[in-house]
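>>> sharing a sequence plus its predicted fold:
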Amino acid sequence: MTAATTPTARAGPPAPLDVERLRADFPILAERVRGKRLVYLDNAATTQKPRQVIDAVSRFYAAENSNIHRGVHYLSEQATAAYEVVREKVARFLHAPSARQIVFTRGTTESINLVAQSFGRSTLQPGDEVLITGMEHHSNIVPWQLAAEATGAILKVVPVTDEGELDLGAFDRLLSDRTRLFAVTHLSNVLGTINPVRDLVRRAHAGGVPVLVDGAQSAPHLGVDVQALDCDFFACSGHKLYGPTGVGVLYGRESLLEQMPPWQGGGDMIASVTLERSTWAPVPAKFEAGTPMIAQVMGLGAALDYIGEIGLASIAAWEETLLAMATARVGEISGIRIVGTARDKASVLSLVVDGVHPHDVGAVLDDEGIAIRAGHHCAQPLMQRFGLPATARASFAFYNTPAEVDALVRGLQRVRTVFG
Amino acid sequence: MGSLSELYQNVILEHNRSPRNYRAMAGADRQAHGSNPLCGDQVTVWLRMDGDVIREASFQGLGCAISRASASLMTSAVAGKTRAEAEALFGRFQRLVTGTLEPAEAETLGKLAVFSGVSAFPMRVKCASLAWHAMREALNGGKQQTGNREPEPSE
């Protein structure tokens, strides 16, 4: 398994993490649940927040709260500047050429809906095709179904192999002269598969097809470089990056963002308004109608600072160690099958226990204080592909430890005992 | 605070392993489907009626131990009951799994009392009730039905 896919993640040998010291930054990791020490292995759903992020959000409300882009008073000026500084931090984090290409949204879901509603509905014609894959989260399926329904476009789907990789031969065949966009996850939230995005983008661009990358799962685990990937859109969420819920990001190629119409109207996104017509503010403001999630953006800024101090290369290396350890240990338990065995994986370990429903696996682990996800992971088509109603999923973050992998293994052994 | 052993009582584990009346019923008078979008559970319930009386009930489906055992025990519990008796039993069962049953009523539940541990796990109430909702739907005409139309969780 190799987590490193970008120059950032590859640069130099990563420094080892002082995991115990880092854990102390996360107040919730000291909590007890059901009388046991919390073992949090549901990081693909959302990550926990370090004190630095929690403090940034409360400091904003306690001392800095003001609306942005509208006041002439001191607080508003400060808040506006701080908000724009975070935009620049995001641009650096994603290696975007310019902060103008960073749109703040409510999360990955809203970022994808923005592209589907604005780019999709303004460019798709009846018979045009949008290409997605069989391993997408519902948030990278349903927005395209809505856009297709509204425009008469057709959704095509790249199939997934038994190992949980994209069928690249089928991908080449499915790219047609009617394809208007390819939307793909960078890292599957169910299988842990890292898709070869740079190669996929190259193939799509050869046919003039722009590519949207769902980076909800990849941004926290892989060093993302949107210029190296050469993707046209990249979407991710703050809350999976140790930041607050309610804030996310859309990166877009400048020429595309410029030509796309607004998708929501309101304050902040206009150049001028008369009762007859309005003109739009330049990007990214054109896509940020209304008062945004200012406190959450401040929290996201603190999260990116925090990640930057640790270094994504070190994070990726530690998580790779944990995943390899968990994969080997869980694989030794009889009657347990790992779902998703791609060559390139990160963070995610999905499994099924013979004769035991994932919901029951989750309940037994919960009794041990271990938080995992049991269900279809908002990826029902992928579940159908593997003929499963659901899986149990453990997902790792840099603050997880080998002792927590042990706890998971003991918990799974208890599942086998209870339901044996 | 509920314990795991109260949730997964031995009778439940045993019915999960070997569910009773687990088959599609040929010549059924009524059938209905239930699903829980939250966890993907699916169940189909078949009824053979004799006038107002349920002569026989069966089920098939995919689900967790709680939903499977509940369906299994339900098919035995409603056999021989009139429509009104089955409805009343469902009412008591719902009160049991939501923790609102009067102590005096508990004795009337028989084997179904093994689901008393569910009330400490609010997420599992739907699992326990799914087959019952489908059974009632079958009694009331047998349309396609969805047990709990709650939005799926996202992440």
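Noted; the coordinates are in hand.
>>> what about the chain, any weak spots by pLDDT?
Let's take chain A. Scanning chain A for pLDDT under 70 picks out A:1-13.
>>> the chain in question should be chain B.
B:1-2, B:142-155.
>>> please enumerate the helices of it.
Assigned by DSSP state H, the helices in chain B fall at B:4-7, B:10-17, B:65-78, B:83-97, B:103-106, B:125-139.
>>> those helices into CSV, with extra columns for mean neighbour count?
Where C-beta positions appear, they are placed from N, C-alpha and C, glycine not excepted. Shown next, in CSV, are those (neighbours: other C-beta atoms under 10 Å in any protein chain shown):
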stretch, mean neighbour count
helix B:4-7, 17
helix B:10-17, 17
helix B:65-78, 26
helix B:83-97, 17
helix B:103-106, 10
helix B:125-139, 25
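>>> how about CSV for the ones you listed, with distance to chain A added?
Below are the helices of chain B laid out as CSV (distance: least, C-beta to the nearest C-beta, whole Å):
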stretch, distance to chain A
helix B:4-7, 4
helix B:10-17, 7
helix B:65-78, 5
helix B:83-97, 15
helix B:103-106, 24
helix B:125-139, 7
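>>> between the two ends of stretch B:96-106, how far is it?
8 Å (C-alpha to C-alpha, to the nearest Å).
>>> A:Val211 pairs with what?
As for beta bridges, A:Val211 partners with A:Phe182 under DSSP bridges.
>>> next up, the contacts around A:Val330.
By C-beta atoms under 8 Å, 6 or more residues apart in numbering or on different chains, the contact set of A:Val330 is A:336, A:338, A:349, A:351, A:408-409, A:412.
>>> could you rerun that using 6 Å?
Applying C-beta atoms under 6 Å, 6 or more residues apart in numbering or on different chains, we find A:Val330 in contact with A:Ile336.
>>> on the three-state scheme, it is what?
helix (DSSP: H, G, I helix; E, B strand; the rest coil).
>>> that one and A:Glu77, how far apart?
Going from A:Val330 to A:Glu77 by C-beta to C-beta, to the nearest Å gives 53 Å.
>>> ok, then the element right after the helix or strand containing A:Met325?
For A:Met325, the host element (DSSP states H and E) is helix A:312-331. The helix or strand immediately downstream of helix A:312-331 is strand A:336-339, counting by DSSP H and E.
>>> quick check, A:Gly266 in a strand?
No: counting by three-state DSSP, one finds A:Gly266 to be coil, located in no strand.
>>> that one reaches A:Thr291, doesn't it?
No: contact criterion C-beta atoms under 6 Å: A:Gly266 and A:Thr291 do not qualify, at 9.0 Å.
>>> what sits against the residue nearest in space to the middle of chain A?
Centroid check for chain A by C-alpha atoms, centre = their mean gives A:Ala216 as the closest residue, at 0.7 Å. Counting by C-beta under 6 Å, 6+ apart, A:Ala216 makes contact with A:108, A:236-237, A:240.
>>> doesn't it belong to a helix?
No: counting by three-state DSSP, A:Ala216 is not part of a helix but coil.
>>> distance of it from A:Ala390?
Distance, A:Ala216 to A:Ala390, using C-beta to C-beta: 20 Å.
>>> cool, and B:Glu56?
Counting by C-beta to C-beta, the gap from B:Glu56 to A:Ala390 is 30 Å.
>>> quick one, which of these two is more surrounded?
Between B:Glu56 and A:Ala390, counted using other C-beta atoms under 10 Å in any protein chain shown, the more crowded position is A:Ala390 (25 against 18).
>>> burial count for the closest residue in space to the more buried one that isn't next to it in sequence?
Spatial nearest neighbour of A:Ala390, excluding adjacent residues (C-beta to C-beta, 6 or more residues apart in numbering or on different chains): A:Pro358 at 4.3 Å. Applying other C-beta under 10 Å, we find 26 other residues in the vicinity of A:Pro358.
>>> which residues are in contact with A:Pro358?
A:374, A:390-392.
>>> if we use 7 Å, what do you get?
By C-beta atoms under 7 Å, 6 or more residues apart in numbering or on different chains, the contact list for A:Pro358 reads A:352, A:374-375, A:390-392.
>>> secondary structure added to those residues, as CSV?
Shown next, in CSV, are the contacts of A:Pro358 (three-state DSSP):
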residue, secondary structure
A:Val352, strand
A:Ala374, strand
A:Gly375, strand
A:Ala390, coil
A:Thr391, strand
A:Ala392, strand
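>>> measure A:Asp406 to B:Val43 for me?
From A:Asp406 across to B:Val43, the span is 37 Å (C-beta to C-beta).
>>> what's the answer for B:Asn10, then?
22 Å.
>>> so B:Lys111 sits against B:Leu73, correct?
Yes: counting by C-beta atoms under 7 Å, B:Lys111 touches B:Leu73, with 5.8 Å between them.
>>> tell me how many other residues crowd residue 30.
You didn't say which chain, so I picked chain A. Using other C-beta under 10 Å, A:Ala30 has 10 other residues around it.
>>> hmm, I had chain B in mind actually
By other C-beta under 10 Å, 19 other residues sit near B:Arg30.
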